[in-house]
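Asks: the amino acid sequence is not available; the structure is as follows:
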DNA sequence: TCAATAGTTTAGAATTATTATAATGTATAT
DNA sequence: ATATACATTATAATAATTCTAAACTATTGA
């Protein structure tokens, strides 16, 4: 979603009423240069800081999930104990920094096309995603292959 | 872990007392031909069925996590709402069937080596894993790239 | 414009997955 | 055999998420 766009219009387009909570969420999520990775808690914190009024946790959960269903954000599976979301909804790859728990997009050009030489009978591939776990170079080193 | 091995000895090797609960868990997890993917609930159900005695949920949680720390099993991040474990602890790739919620290993030879052309300064790669989501061919089709 | 209504937000309760606790039970070393 | 350290258990606690029902608000159309 481009910067500074008309969030009220965008919300109407997908059949959502442009309430002030939703418009504020759009600003926090989409009014930025780069892809944004967040957890529900991150979002509640940021919205609370930017609004004179408190926002309910349930509203943030509900609205994020509506946005997910409508394709505005996408959930990333990294850690089964926390839900991470991404404002980049295309299938793409990530670094996950195990020290800081930060997600970083991997540019499509920085990874070769993945070719799966086998398929599951009767099943179609929906997505192929790579997760590269990284950590500080001078500690916590594990082998990989 | 090979089939029909001495679980009591294996447990002792990593400093775990071979209680009947742990031996039973070993049998369920490792006494099989192929890699096994499971959730804690799967395991409780299977163990309960195979033992005359009930096993506590907490024991299964605790023991699975001890096994994980000791490198007998490995957690797989697929779905942020459920923890999947795998008896294949090497870094490898998976199909995830979105219809049945089943995990299937991808053989190393069925996927080309992944080459990441960029790195994060000061960070070392710990693992590279690919997740291929599949679903029934005649429904639920999404584009991928 | 302004009420009717359909949809939204909210606080708090409910649910689910997981972890901690404290009492009881058991494997092991001596 | 017995003491002791470690395990198991039922249950309580916690954390993340979802549900609920009442209050609130944006939209529609008279």
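Replies: Arrived safely, thanks for sending. On a predicted model such as this, the values are computed, not experimentally measured, just so you know.
Asks: distance of the residue of chain A most remote from its centre from chain B?
Replies: Within chain A, residue A:121 marks the point farthest from the mean C-alpha position, 31.1 Å out by Cα atoms, centre = their mean. Remark: distance between residue A:121 and chain B (Cβ to the nearest Cβ, to the nearest Å) = 9 Å. Heads up, the C-betas are built off the backbone N, CA and C, glycines and all.
Asks: quick check: residues of chain A near DNA strand C?
Replies: A:16-17, A:19, A:21-22, A:53-59, A:62-63, A:80-81 (Cβ under 7 Å from any atom of the strand).
Asks: looking at these, which are in strands?
Replies: Per DSSP state E, strands hold no members of those.
Asks: pull the longest helix from chain A.
Replies: Counting by DSSP state H, the longest helix found in chain A is helix A:57-70.
Asks: residue A:77: neighbouring residues, count only.
Replies: 18 (other Cβ atoms under 10 Å in any protein chain shown).
Asks: tell me the contacts of it?
Replies: A:84, B:77, B:78, B:79, B:80, B:131 (Cβ atoms under 8 Å, 6 or more residues apart in numbering or on different chains).
Asks: and those as a markdown table, adding pLDDT and distance to DNA strand D?
Replies: Formatted as a markdown table, these follow (pLDDT from 0 to 100; distance: Cβ to the nearest atom of the strand, whole Å):
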| residue | pLDDT | distance to DNA strand D |
| --- | --- | --- |
| A:84 | 93 | 9 |
| B:77 | 87 | 13 |
| B:78 | 86 | 14 |
| B:79 | 82 | 11 |
| B:80 | 80 | 6 |
| B:131 | 93 | 19 |
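Asks: okay, and the beta partners of residue A:106?
Replies: Counting by DSSP bridges, residue A:106 is bridged to residue A:93.
Asks: hmm, the strand or helix carrying residue A:49 in reach of chain B?
Replies: Per DSSP states H and E, residue A:49 falls inside helix A:40-50. No. Contact of helix A:40-50 with chain B (Cβ under 8 Å from any Cβ of the partner chain) is absent, the minimum separation being 10.8 Å.
Asks: relative orientation of that helix and helix A:57-70 in degrees?
Replies: 120 degrees (axes from the mean of the first three to the mean of the last three Cα atoms, to 10 degrees).
Asks: quick one: average pLDDT of helix A:40-50?
Replies: Average pLDDT, helix A:40-50: 90.
Asks: equivalent analysis for stretch A:18-29, please.
Replies: pLDDT averaged over stretch A:18-29 gives 94.
Asks: residues in contact with it?
Replies: Contacts of stretch A:18-29 (Cβ under 8 Å, 6+ apart): A:7-8, A:10-12, A:16, A:36, A:38, A:43, A:46-47, A:50-51, A:55, A:59-60, A:63-64, A:67, A:72-73, A:87.
Asks: list the buried residues in that stretch.
Replies: A:21, A:22, A:24, A:25, A:26, A:27, A:28, A:29 (16 or more other Cβ atoms under 10 Å in any protein chain shown).
Asks: secondary structure and distance to residue B:114 added to the residues you listed, as TSV?
Replies: Shown next, in TSV, are these (DSSP: H, G, I helix; E, B strand; the rest coil; distance: Cβ to Cβ, whole Å):
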residue	secondary structure	distance to residue B:114
A:21	helix	41
A:22	helix	39
A:24	helix	40
A:25	helix	35
A:26	helix	35
A:27	helix	37
A:28	helix	34
A:29	helix	30
